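S.K.: Next one to model:
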Amino acid sequence: MKLSINKEQIITQLQSLAAVADKKQTLPILSNILIKADEEEIAFKSTDLEVELEFVIAHKSEIPGEITVPAKKIADIIKELPDGQIHFELNEDTTKLVIKSSSGRYNLSTIPASDYPDFDVVKSDQVYKTTSESLIALMQKTSFAMANQDWRHYLNGCFFQKNLNDLVMVATDAHRLATYTLPLEQEGEFSGIIPRKTIIELLKILPKSDEVVSFYINANNIVFMSKNFTFKSKLVDGNYPNYNQVIPSGEGLEITVNRKQLLDALSRVSVLSSEKFKGVKLNTKDESLDVSAHNPEQESAEELVPLTKSAEGFDIAFNVNYLREVLTNIEDEYISLVSYGPDKSAIIKSSDLDQTLVLMPLLL
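M.R.: Below is the predicted model:
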């Protein structure tokens, strides 16, 4: 195998591939990237057997071939090399991949490509098409609410569902819940839980444009395909909870406040909140919102934030970190908080009617 390619054509791809490759080193080959070069294109692939990412670049190689090399090492080397052409060549006994640039020469150990595992996925007849922008919106508007290493493994990801003419993505860690809905007028319905790692890596590699992305889903896997990459992922095995039961409805007490002013007040007041519960209390006083916190050392903090819409009797407490994270994921100047009682879930409303944000209260 022998080829030359410009650094900027592969640098971001190698970083993504290294992130996907297995870091636990259960099998040495899983810590490697597979490089497959022929006369028309170069394919780069990595997997941890839970997900698989493949990039294909249209590029002619001097000598076709295939080999695997350590993912992190090749990504780190290419990242540090000066801009310009990089030359790859297998040595005579294929035990080393030689990388040359204007600054030097590097010899990387290899494992034969024949040892690289296949990530088998049953192809589905139903392929859906949407835009990269739509997928990014679905994930960005919800993924902050995913659980992380929760014993309820089905919460460690995003629930992805199509019903009639809508695509829905949902995430919750049982403290907050986020849903986002976008139209998709294609036949067919499906549902599955996309793992946390898949969501995080997809957000890095999806192009920030309206480029078409195709995907299909079956009982165990989901596959995303664009003109440059294919991303395969196992789905989380389990039943997602009925999230609609968590979303409150009916008449509630609604207040409207400047989002940044509330965030700033929360940042200051939370310094004196309890280390364990991180609780802040919100209650209305005339046309202002009283934001307060206290801790076991009998220290306390209190600030008044002006309201553009007030509601008498509004009184609720939240974990300040969860509240701040929800507010940070909204871009509006003003937001509304709707309380259904101090012991019931509250809704945070923005101008984006496709998004639903629910926050569970703290009982202080």
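S.K.: In the stretch 51-200 of the chain, mark out all the strands, start to finish.
M.R.: 51-58, 65-70, 85-90, 96-100, 105-109, 128-131, 157-163, 166-172, 176-183, 190-195 (DSSP state E, counting those that start in this stretch).
S.K.: Which positions in the third one come out as buried?
M.R.: Neighbour-count burial for strand 85-90, counted by 16 or more other CB atoms under 10 Å, picks out I86, F88, E89, L90. C-beta here means a position set from N, CA and C on the backbone, and glycine is covered the same way.
S.K.: If you count contacts, what does that strand end up packed against?
M.R.: strand 2-6, strand 96-100 (3 or more CB pairs under 8 Å, 6 or more residues apart in numbering; DSSP states H and E).
S.K.: Out of the ones you listed, which one sits most buried?
M.R.: strand 96-100 (a mean of 18; mean count of other CB atoms under 10 Å).
S.K.: before we move on, back to that, tell me which of the strands of the stretch 51-200 of the chain approaches T256 most closely.
M.R.: Nearest of those to T256, taken as CB to CB: strand 176-183 at 20.0 Å.
S.K.: and the angle from that closest one to strand 166-172?
M.R.: Compare the direction of strand 176-183 with that of strand 166-172 by axes from the mean of the first three to the mean of the last three CA atoms, to 10 degrees and you get 170 degrees.
S.K.: Residues touching strand 176-183, excluding its own?
M.R.: Around strand 176-183, the neighbours that count as contacts under CB atoms under 8 Å, 6 or more residues apart in numbering are 130, 134, 137-138, 141-142, 144-145, 165-172, 243, 246-247, 322, 325-326, 329, 354-360.
S.K.: what does stretch 80-90 contact?
M.R.: Under CB under 8 Å, 6+ apart, the answer for stretch 80-90 is 1-8, 10, 35, 63, 65, 67, 78, 96-103, 110.
S.K.: er, stretch 283-293 I mean
M.R.: With contact meaning CB under 8 Å, 6+ apart, stretch 283-293 is reached by 255, 257, 262, 265-266, 269-270, 272-274, 279-282, 300-307, 310-316, 320.
S.K.: Also stretch 226-237?
M.R.: Identification of contacts with stretch 226-237 by CB under 8 Å, 6+ apart yields 13, 50-57, 119, 121, 132, 153-154, 156-157, 192-195, 198, 201-202, 205-207, 211-214, 217, 219-225.
S.K.: Out of the strands of the stretch 51-200 of the chain, which gets nearest to K349?
M.R.: Closest approach to K349 among these (CB to CB): strand 176-183, 12.7 Å.
S.K.: Kindly export that closest one (C-alpha atoms) in PDB.
M.R.: Taking C-alpha atoms only, strand 176-183 is exported to PDB below (Å, rounded to 0.1, in the frame of the first residue of the first chain):
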ATOM      1  CA  ARG A 176     -35.400  16.400  33.500                       C
ATOM      2  CA  LEU A 177     -36.900  15.500  30.200                       C
ATOM      3  CA  ALA A 178     -36.600  17.000  26.700                       C
ATOM      4  CA  THR A 179     -38.500  16.100  23.600                       C
ATOM      5  CA  TYR A 180     -38.200  17.500  20.100                       C
ATOM      6  CA  THR A 181     -40.400  16.900  17.100                       C
ATOM      7  CA  LEU A 182     -39.800  17.500  13.400                       C
ATOM      8  CA  PRO A 183     -42.000  16.600  10.400                       C
END
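S.K.: Figure out how far that strand is from the centre of its chain.
M.R.: Chain-centre distance of strand 176-183: 14 Å, with CA atoms, centre = their mean, to the nearest Å.
S.K.: Equivalent analysis for stretch 40-48, please.
M.R.: Distance of stretch 40-48 from its chain centroid, counting by CA atoms, centre = their mean, is 22 Å.
S.K.: now the helices and strands packed on strand 85-90 as JSON lines including distance to D237 and mean pLDDT?
M.R.: Formatted as JSON lines, the helices and strands packed on strand 85-90 follow (distance: least, CB to CB, whole Å; pLDDT from 0 to 100):
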{"stretch": "strand 2-6", "distance to D237": "40", "mean pLDDT": "93"}
{"stretch": "strand 96-100", "distance to D237": "37", "mean pLDDT": "94"}
